[in-house]
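predicted model and sequence below, questions to follow.
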Amino acid sequence: MDDSTYRLFAGELELLDRLNQNNGDLLLLPDGKTVNNLYLCGALTEVKKGPGGYVSSVRIADPTGVFVLYCRKNRSYCSSEFLKVGIPSFVSVFGEVKTSKRIFKSEKTRFFINPQAVREITKEERDRWILSAADFALERLKKSVESFENKNPEMTDNSEITNIFEISNDSKELIRIIETAISNIYSNASEESFENKKDDISNTKKTDSQDKTSCPDIEHIILEIIKKNSTKKGLLLKDFYSFADSAGLNPDDVKSSAEKLIKEGELYLPPGGYIKIL
């Protein structure tokens, strides 16, 4: 893959969306590099058809957020692939970064992805992408912190001081994004492996790191309940909540955790009032 093709989490793209209003169809990364091509992986959660039956828009979720993709009419291959793969599935996409106000019906220019190539992948491939993207993000975080530390502390220009403040806050947000992503991967792995990965993040900048480790226990219990009691169609939602209640889980925690797992592509809701593991 071309070195100019970057792996970014959806949460990173949303973060950069707020900061890249004057760079056209280019993402400006914390290390100063500009990016036009992205390689992303996630769960295909929505495929919308436009006039004529071609795919107009697609939503792909990773553990940190959602990528918004808009297909051009001349990309019939991508449209047919999305339709063939179907929902729910894990996919990888190579695409170009584009900006638009009209598509989002917004006064603010926002980023979207124009897909160039689409491929169905396995959950294991998706997990490997998450780890790779986390390494890329961690490297960008380190460069951002180094740049922050190298700034002249005696600066008096308000705009520059504000910019440094934003970089510091954005570093904290990026830490949260990375932690969210790897928590998803290591939720069913050993605690030691998870902590080793988190140590890499914590050591980047002690003042920027925050103790936001999410406990994976309730999510693990939810997945076990569904796995143990599902039929081919899945598990009826009313039965799912009944099993969770019998396990002594708080209903609000169960609902929020299930919604999180659905967003991350671990679970989905088939027709008929079921919940099922992807």
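That came through, no problem.

count the neighbours of residue 120 for me.
By other C-beta atoms under 10 Å, 15 other residues sit near residue 120. Where C-beta positions appear, they are placed from N, C-alpha and C, glycine not excepted.

which residues touch it?
81, 85, 89-91 (C-beta atoms under 8 Å, 6 or more residues apart in numbering).

out of those residues, who's nearest residue 114?
For those, the closest approach to residue 114 (C-beta to C-beta) belongs to residue 81, at 14.3 Å.

hmm, residue 109 is touching residue 99, no?
Yes: here residue 109 reaches residue 99: they are 4.9 Å apart, a contact under C-beta atoms under 8 Å.

could I get stretch 247-258 in PDB with only the CA atoms?
Listed next in PDB are the C-alpha coordinates belonging to stretch 247-258 (Å, rounded to 0.1, in the frame of the first residue of the first chain):
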ATOM      1  CA  ALA A 247     -27.600 -12.200  35.700                       C
ATOM      2  CA  GLY A 248     -28.000  -9.200  38.100                       C
ATOM      3  CA  LEU A 249     -27.100  -6.600  35.500                       C
ATOM      4  CA  ASN A 250     -28.400  -3.000  35.700                       C
ATOM      5  CA  PRO A 251     -30.900  -2.500  32.800                       C
ATOM      6  CA  ASP A 252     -29.500   0.900  32.000                       C
ATOM      7  CA  ASP A 253     -26.000  -0.400  31.800                       C
ATOM      8  CA  VAL A 254     -27.200  -3.300  29.700                       C
ATOM      9  CA  LYS A 255     -28.900  -1.000  27.200                       C
ATOM     10  CA  SER A 256     -25.900   1.400  26.900                       C
ATOM     11  CA  SER A 257     -23.400  -1.400  26.600                       C
ATOM     12  CA  ALA A 258     -25.500  -3.200  23.900                       C
END
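
quick check: mean pLDDT of it?
In this model, stretch 247-258 has a mean pLDDT of 87.

same check on stretch 180-194?
64.

kindly report the same for stretch 265-278.
Taken as a whole, stretch 265-278 has an average pLDDT of 83.

distance between the ends of stretch 18-26?
Taking C-alpha to C-alpha, to the nearest Å, the first and last residues of stretch 18-26 lie 13 Å apart.

how about the helix or strand containing residue 146: buried residues?
Residue 146 is part of helix 123-149, with elements assigned from DSSP states H and E. Across helix 123-149, burial judged by 16 or more other C-beta atoms under 10 Å covers 126-127, 129-130, 133-134, 136-138, 140-142, 144-145, 148.

and if you look at stretch 232-244?
For stretch 232-244, by 16+ other C-beta under 10 Å, it's 234-236, 239-241, 243-244.

follow-up on the earlier one: packing partners of the helix holding residue 146?
strand 37-49, strand 89-100, helix 158-186, helix 191-202 (3 or more C-beta pairs under 8 Å, 6 or more residues apart in numbering; DSSP states H and E).

of those, which shows the lowest average pLDDT?
Of all the helices and strands packed on helix 123-149, helix 191-202 has the smallest average pLDDT, which comes to a mean of 53.

spell out the secondary structure type for residue 113.
Here residue 113 is recorded as strand under DSSP: H, G, I helix; E, B strand; the rest coil.

measure how buried the residue nearest to it when sequence neighbours are not counted is and give me the count.
Nearest residue to residue 113, sequence neighbours excluded (C-beta to C-beta, 6 or more residues apart in numbering): residue 95, at 4.1 Å. By other C-beta under 10 Å, the residues close to residue 95 number 24.

run through the bridge partners of residue 95.
With DSSP bridges as the criterion, residue 95 is bridged to residue 38, residue 115.
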